[in-house]
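S.K.: 3D, please:
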Amino acid sequence: MANFGGHAIPGSFFLLFGFWLTVKHTLQHYWRTSHPKSRAILPPVFKKMDYIEGGFQIFASFVGIMVEQFVVDGPHAHLYDTQNNSWVKLMNWQHSTMYLFFGICGVALVVSTMSKTVPVGVDRFALSLALFVEGFLFYYHVHSRPPLDAHIHSLLLVVVFSGSISTMIEVFIRDHIILELLRACLFILQGSWFYQIGFVLYPPSGPTWDLTLHNNIMFVTMCFCWHLAVALIVVTCTSAAVWITMRRFSREGQDIEIVLRNRLHNKSSEKALLEESEEE
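M.R.: Have a look, this model is predicted:
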């Protein structure tokens, strides 16, 4: 949609998805490092997390398509107007196509988690393809636009294609925590930048931006670097918080186990002494 809400919806989706990936992959990395002998076999809880992730992608994609198609000024599933000989709301159709491929990505994740016959890496390949399609659509989305409009979307392309490349690398290099957190960081950056695009092109309040002023282009470029820094900080702090929490819980669990073992040992010792005294 050509309004602020049309950019806030995918922005929220990518922000939540990036935060989710940060938590999930940090938990998986903690398991691999704390259980090196069984790192290839993850607990069932991680399989449930993959089902939740895939289901969320399918649901969010469906909602995005419905919103793009059936809002008041949407195309309502009409692609071409034969009476006026013109296309109908192609921008909405492009956004719907983007959501479609992320829905396919969710299906690939669910199927690959459900069946072992699916080749390893299909889920990453589908996600890389979805990101490539998103970048491919946006590349032809900004032609003949004002300079600031075209520039702010071109910065989005940097994030999207970088995410596609890094995710494609994960098809061949699995369980690499740096690549996994890089993917999460790029999703968070993409989500925040969607919000930035909405604020620049369709400000909900305040003055409108001059889309031809070069200083605005310079500021937006600098602002992109700030978004990147914030995304890195968010991923670092989130992964550190998850790691510290898991270590604390594991230590408390080990302490409780040690206490229980000592109590059982003391009770067995007392029972043995009582039996010996009764025999005497």
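S.K.: Tell me the pLDDT of the nearest residue to Phe70 once chain neighbours are set aside.
M.R.: Distances taken as C-beta to C-beta, 6 or more residues apart in numbering place His76 nearest to Phe70, at 5.9 Å, with adjacent residues excluded. Yep, even glycine has a C-beta here, placed from its N, CA and C like the rest. For His76, the pLDDT comes out at 88.
S.K.: And the one 3 residues further on, by the same measure?
M.R.: Model confidence at Leu79, expressed as pLDDT, equals 90.
S.K.: That one: what's it in contact with?
M.R.: Leu79 makes contacts with Trp87, Val88, Trp93, as judged by C-beta atoms under 8 Å, 6 or more residues apart in numbering.
S.K.: Against Leu42, how distant is Trp87?
M.R.: For Trp87, the distance to Leu42 equals 47 Å [C-beta to C-beta, to the nearest Å].
S.K.: out of those two, which sits in the busier spot?
M.R.: Leu42 (17 against 12; other C-beta atoms under 10 Å).
S.K.: wouldn't that one be in contact with Gln28 here?
M.R.: Yes. At 6.6 Å, Leu42 and Gln28 qualify as touching, with contact defined as C-beta atoms under 8 Å.
S.K.: Need phi/psi at Tyr202.
M.R.: For Tyr202, the backbone dihedrals (degrees, to the nearest 10) come out as phi -130, psi 70.
S.K.: swap that for Ala77, sorry
M.R.: phi 70, psi 20.
S.K.: Now do the same contact list for it.
M.R.: Ala77 neighbours (C-beta under 8 Å, 6+ apart): Gln69, Phe70.
S.K.: The stretch 151-280 of the chain: helices as residue ranges?
M.R.: Residue ranges of the helices in the stretch 151-280 of the chain, as given by DSSP state H, counting those that start in this stretch, are 177-201, 214-279.
S.K.: Of those helices, which shows the lowest average pLDDT?
M.R.: When the helices of the stretch 151-280 of the chain are compared by mean pLDDT, helix 214-279 comes last with a mean of 77.
S.K.: which helices and strands does the helix or strand in which Gly6 is found pack with?
M.R.: Assessed by DSSP states H and E, Gly6 sits inside helix 4-34. For helix 4-34, the elements it packs on are helix 44-70, helix 90-114, helix 177-201, helix 214-279, judged by 3 or more C-beta pairs under 8 Å, 6 or more residues apart in numbering; DSSP states H and E.
S.K.: Let me know which of the ones you listed is tucked in deepest.
M.R.: helix 177-201 (a mean of 22; mean count of other C-beta atoms under 10 Å).
S.K.: what's the angle between that one and helix 4-34?
M.R.: 170 degrees (axes from the mean of the first three to the mean of the last three C-alpha atoms, to 10 degrees).
S.K.: Which neighbouring elements make contact with helix 177-201?
M.R.: Checked by 3+ C-beta pairs under 8 Å, 6+ apart, helix 177-201 has helix 4-34, helix 147-172, helix 214-279 packed alongside it.
S.K.: next one: it to chain centre, how far?
M.R.: Helix 177-201 has its C-alpha centroid displaced from the chain centroid by 9 Å (C-alpha atoms, centre = their mean, to the nearest Å).
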